[in-house]
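S.K.: heads up, no residue letters with this:
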């Protein structure tokens, strides 16, 4: 029996700077291809696909396309009440796209419908139903990697709900909570199947949304860093981090991730300063929220403060070195190759977030051989097992003690490094592929 063709959405893949869900979509596509499925990627970038193949390819990679006007939205809502079509993007190689490879995971074909995902939200607000989309010779299964108000016509529609953080921790998410609930509720009622990434998230979906447990499958995720990164020589990585950042091997602590309330950065900073350890703390991440409350201990002005009023930004968004003896270093963004070097050389990754649907940074650090401090809430302890130092994420004293313990005990650090490497193997691409095969056998 032939394997069903699968469509994977490009909602997060098109973002200039990757997200955890973009990583999920890349891993999903790669494993589906390895299982023998043909994979279509469906994007919603602003370029329209016309008759000229070269211009269509150029437009797909062009980030400078002008934004849609309100009048165009109104006209489109009137003319597309039931659905929109996508067209194939010809990837011929005429456009040099070497630096865009992360936008193009393993696939067979690429399709695009202009502003598809942005438009689907407006469509749902106006009509109260999911936007239908279709394309020629379309897939048998649509696997949406995020709860989107959209469906592929004449296909089995599967949705991954990573977590219900906007409902469990409403103060830690910027989502429109009412709209998020309506979209997720509609998915739970009408989806052909629901996928999630941990038992913690599955329990939330079953309990909060009233879904029959048989309609939800936990596939977990795969930790799958590129081979060329994993195979890099240790001395080369150490020299890179030393020369670029002046950081010594295994002599700094690290947080990496979006800077938002659920990541608990404010308590991490407070705990680090309270620990009085000799090693610096490096914070790598973009400020997601409009204000900088999570970074108040770095001297970053919060929205509405006298320093912030009248100024869009009063701090260097790329690098801020402040606090006791210049011991806290903030970097806004690092490309994957450099970020993995910084992770690999850290003494420990400090990731006691308040809630995670999965917690991919925990396993990425473990795969790179770095000790991890994480929290006891959400999926964090489920993913980390006994291979990380578990703390109460709401207690600064608990996080501070973990930092002190790992700063002062080389044997403890080495123990967590070894345990972490073994733990990461449980979430290998091979094991993830087995779980996906079981999932798709249910759907066929």
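M.R.: Thanks, I have it. Everything numeric in this text was worked out from a predicted model, so none of it was measured. Numbers count the residues shown, from 1 in each chain.
S.K.: okay, CA-based contacts and neighbour counts for the rest of this
M.R.: Noted.
S.K.: pretty sure residue 351 contacts residue 258?
M.R.: No: counting by C-alpha atoms under 8 Å, residue 258 is not a contact partner of residue 351; they are 11.3 Å apart.
S.K.: neighbour count winner among those two?
M.R.: Per other C-alpha atoms under 10 Å, whichever of residue 351 and residue 258 has more neighbours is residue 351, with 26 against 20.
S.K.: Can you name the next helix or strand after the helix or strand that contains residue 274?
M.R.: Taking DSSP states H and E as the definition, residue 274 sits inside helix 265-275. Next helix or strand after helix 265-275 toward the C-terminus (DSSP H and E): strand 281-284.
S.K.: Walk me through which strands that next one pairs with, and which way each runs.
M.R.: When sheet partners are counted by DSSP bridges, strand 281-284 sits next to strand 253-256 (parallel), strand 328-331 (parallel).
S.K.: Quick check: mean pLDDT of that strand?
M.R.: Model confidence over strand 281-284, given as mean pLDDT, is 95.
S.K.: can you pull the buried residues of that strand?
M.R.: By neighbour count on 16 or more other C-alpha atoms under 10 Å, the buried set for strand 281-284 is 281, 282, 283, 284.
S.K.: out of those, who's nearest residue 124?
M.R.: Distances from those to residue 124 were compared by C-alpha to C-alpha; the smallest belongs to residue 284, at 35.6 Å.
S.K.: Can you report how many residues neighbour residue 267?
M.R.: Burial of residue 267, expressed as a neighbour count using other C-alpha under 10 Å, amounts to 23.
S.K.: State the distance from it to residue 395.
M.R.: With distances taken as C-alpha to C-alpha, to the nearest Å, residue 267 is found 8 Å from residue 395.
S.K.: cool, residue 274 as well?
M.R.: Noted for residue 274: a distance of 12 Å to residue 395, by C-alpha to C-alpha.
S.K.: Which of the two has more residues huddled nearby?
M.R.: The neighbour count for residue 274 versus residue 395, taken as other C-alpha under 10 Å, is higher for residue 274 (16 against 12).
S.K.: residues contacting that one?
M.R.: Counting by C-alpha atoms under 8 Å, 6 or more residues apart in numbering, residue 274 touches residue 400.
S.K.: mind checking pLDDT for it?
M.R.: 95.
S.K.: cool, residue 150 as well?
M.R.: Reading off the model, residue 150 has pLDDT 96.
S.K.: and it, bridged to which residues?
M.R.: Per DSSP bridges, residues listed as beta-bridge partners of residue 150: residue 131.
S.K.: I'd guess residue 417 is in a helix, am I close?
M.R.: Yes: checked against DSSP: H, G, I helix; E, B strand; the rest coil, residue 417 lies within a helix.
S.K.: now it: how far from residue 332?
M.R.: Distance, residue 417 to residue 332, by C-alpha to C-alpha: 26 Å.
S.K.: of these two, who's got more company?
M.R.: Here residue 417 and residue 332 are compared on neighbour count by other C-alpha under 10 Å; more neighbours surround residue 417, at 24 against 18.
S.K.: Any chance of the backbone angles for residue 348?
M.R.: Reported as degrees, to the nearest 10, the phi and psi values for residue 348 are phi -160, psi 150.
S.K.: pLDDT on the strand or helix carrying residue 59, on average?
M.R.: If you go by DSSP H and E, residue 59 is part of helix 53-61. Here helix 53-61 scores 76 as its mean pLDDT.
S.K.: Just give me how far it sits from the chain centre.
M.R.: The chain centroid and the centroid of helix 53-61 are separated by 27 Å, computed with C-alpha atoms, centre = their mean, to the nearest Å.
S.K.: helices or strands next to that helix in the packing?
M.R.: Packing partners of helix 53-61 (3 or more C-alpha pairs under 8 Å, 6 or more residues apart in numbering; DSSP states H and E): none among the helices and strands.
S.K.: in that helix, what counts as buried?
M.R.: Counting neighbours by 16+ other C-alpha under 10 Å, one finds that the buried residues in helix 53-61 are 54, 55, 56, 57, 58, 59, 60, 61.
S.K.: what do you get for stretch 403-414?
M.R.: 403, 404, 405, 406, 407, 413, 414.
S.K.: Can you pull the domain assignment for this protein?
M.R.: The record, using automatic domain parsing to delimit domains, assigns the chain the ranges 6-222+429-443, 227-425.
S.K.: who's in contact with stretch 199-215?
M.R.: With contacts defined as C-alpha under 8 Å, 6+ apart, stretch 199-215 is touched by 162-164, 185, 188-189, 193-194, 196, 216-218, 357, 378-379, 382.
S.K.: if we go to 7 Å?
M.R.: Contact with stretch 199-215 is made by 162-164, 185, 188, 193-194, 196, 216, 218, 357, 378-379, as judged by C-alpha atoms under 7 Å, 6 or more residues apart in numbering.
S.K.: Narrow those residues to those in helices?
M.R.: 185, 188 (DSSP state H).
S.K.: For PyMOL, what selects the buried ones among the contacts of stretch 199-215?
M.R.: When burial is assessed using 16+ other C-alpha under 10 Å, the buried subset of the contacts of stretch 199-215 is captured in PyMOL by this command:
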select buried, resi 162+163+164+185+188+193+194+196+216+218+357+378+379
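S.K.: and the contacts of stretch 199-215, which two are the farthest apart?
M.R.: Looking at the contacts of stretch 199-215 by C-alpha to C-alpha, the two members farthest from one another are 193 and 378, with 22.7 Å of separation.
S.K.: Which secondary structure element of the chain has the lowest mean pLDDT?
M.R.: strand 319-322 (a mean of 41; mean pLDDT, DSSP states H and E).
S.K.: which stretches of the stretch 51-200 of the chain have low pLDDT?
M.R.: Within the stretch 51-200 of the chain, the ranges that satisfy pLDDT under 70 run 51, 63-74, 76, 79, 97-103.
S.K.: pretty sure residue 412 belongs to a helix, no?
M.R.: Yes: counting by three-state DSSP, residue 412 is found in a helix.
S.K.: Correct me if wrong, but residue 143 is in a strand.
M.R.: Yes: using three-state DSSP, the secondary structure at residue 143 is a strand.
S.K.: That one and residue 155 touch, don't they?
M.R.: No: applying C-alpha atoms under 7 Å, one finds residue 143 not in contact with residue 155, separated by 9.9 Å.
S.K.: And the strands in the stretch 1-150 of the chain, which stretches?
M.R.: In the stretch 1-150 of the chain, the segments counted as strands under DSSP state E, counting those that start in this stretch are 6-9, 39-43, 83-85, 87-88, 109-112, 131-134, 141-144, 150-152.
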